[in-house]
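[1] task: produce atomic coordinates for the following.
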Amino acid sequence: MRGNSALKSEFEAPRHGWTLSNLALRHAEATLALAKTDMVLAPTAWITARAALESAAKCLWLLQPDDEWQRESRFVAFLTEGVRIKREETEGLPHIVAQSASIEELRDGVKAKLLEKRVDVPDVPSMKNILLAENLGLAQFYVLASQYTHAAELGTRSYRKDLGTKAIYGEFVAAKDWIQPMWIAYSSFRVTALRLIDLQGEDHGEDLDLADRQVSEARDDFLAAL
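    Next up, the predicted model:
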């Protein structure tokens with residue numbers, strides 16, 4: 001599943017997709033590491049699983065078109081986002097300013113080739129719209145996980161039951177709180193691996209089938225134990 005055939009492409013998009021898939025994988029591994037460390041870390045697992053999901057969603061959107069130049073146009077859209085790392089808050093960081101300049105140079109070079117091909121550069125859609133378009137049922141998790149990421153009301157429920165005068169405060173993290181983060185973390189990396197494999201016209205192989213069976217069996221055993 002962690003092949004590197006995408007790195008041999010003459011185009012930028014497949015190679016960037018590979019990096020996004022790697023990012024999703026490491027976030028997924030971080031979610032697993034939290035689970036192995038302490039059950040009470042479930043709120044943070046929602047955040048790392050959400051990060052894996054965001055990496056996966058961007059990878060899927062980038063590599064969605066069949067046409068190579070359409071994929072390149074989406075890569076340029078990501079580069080435009082990268083250029084924005086140069087902003088008021090980072091003006092005092094020369095290495096960040098230099099990095100922004102190098103991203104802008106690459107973007108303009110690829111964009112010039114796109115103009116020759118008469119291919120327009122799209123805007124990067126919102127994360128919600130990317131997830132809804134993929135139709136994988138992931139948008140709901142993204143909304144819930146954002147509550148933990150942004151310290152919204154739902155994110156505090158791990159330490160409080162009820163509201164107002166009925167509120168009880170304490171540590172209320174339970175094993176069941178791990179079901180969604182763990183499953184989403186694995187699924188996020190899995191879909192990027194599949195997209196890259198399909199892009200290369202390769203077979204999914206037995207390794208992915210074995211991983212799917214092992215994860216599904218572990219999830220079923222966990223649910224049965226609950």
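
[2] need the contact partners of the helix or strand that contains Leu210.
    Using DSSP states H and E, Leu210 maps to helix 205-225. Applying C-beta atoms under 8 Å, 6 or more residues apart in numbering, the external contacts of helix 205-225 come out as Met1, Ala175, Ile179, Met182, Trp183, Tyr186, Arg190, Ala193, Leu194. (Glycine included, C-beta is placed from N, CA and C.)

[3] do you know the pLDDT at the last one?
    By that I understand Leu194. Here, the pLDDT recorded for Leu194 equals 86.

[4] most widely separated two among the contacts of helix 205-225?
    Pairwise distances across those peak at 29.1 Å for Ala175 and Leu194 (criterion: C-beta to C-beta).

[5] neighbour count winner among the two?
    It is Leu194, of Ala175 and Leu194, that has more neighbours when counted by other C-beta atoms under 10 Å, with 15 against 12.

[6] same list (the contacts of helix 205-225) but as a markdown table, adding secondary structure.
    Output for the contacts of helix 205-225, formatted as a markdown table (DSSP: H, G, I helix; E, B strand; the rest coil):
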| residue | secondary structure |
| --- | --- |
| Met1 | coil |
| Ala175 | helix |
| Ile179 | helix |
| Met182 | helix |
| Trp183 | helix |
| Tyr186 | helix |
| Arg190 | helix |
| Ala193 | helix |
| Leu194 | helix |
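
[7] restricting to C-alpha, output stretch 63-80 in PDB.
    In PDB, the C-alpha atoms belonging to stretch 63-80 read as follows (Å, rounded to 0.1, in the frame of the first residue of the first chain):
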ATOM      1  CA  LEU A  63      -6.300  13.200  -8.000                       C
ATOM      2  CA  GLN A  64     -10.000  13.000  -8.900                       C
ATOM      3  CA  PRO A  65      -9.900  14.100 -12.600                       C
ATOM      4  CA  ASP A  66      -8.900  11.600 -15.200                       C
ATOM      5  CA  ASP A  67      -7.100  14.200 -17.300                       C
ATOM      6  CA  GLU A  68      -3.600  14.800 -16.200                       C
ATOM      7  CA  TRP A  69      -3.700  18.500 -16.900                       C
ATOM      8  CA  GLN A  70      -6.800  18.900 -14.900                       C
ATOM      9  CA  ARG A  71      -5.000  17.300 -11.900                       C
ATOM     10  CA  GLU A  72      -2.100  19.700 -12.500                       C
ATOM     11  CA  SER A  73      -4.600  22.600 -12.300                       C
ATOM     12  CA  ARG A  74      -5.700  21.400  -8.900                       C
ATOM     13  CA  PHE A  75      -2.100  21.100  -7.800                       C
ATOM     14  CA  VAL A  76      -1.600  24.800  -8.800                       C
ATOM     15  CA  ALA A  77      -4.600  25.700  -6.700                       C
ATOM     16  CA  PHE A  78      -2.900  24.100  -3.700                       C
ATOM     17  CA  LEU A  79       0.300  26.000  -4.500                       C
ATOM     18  CA  THR A  80      -1.700  29.200  -4.400                       C
END
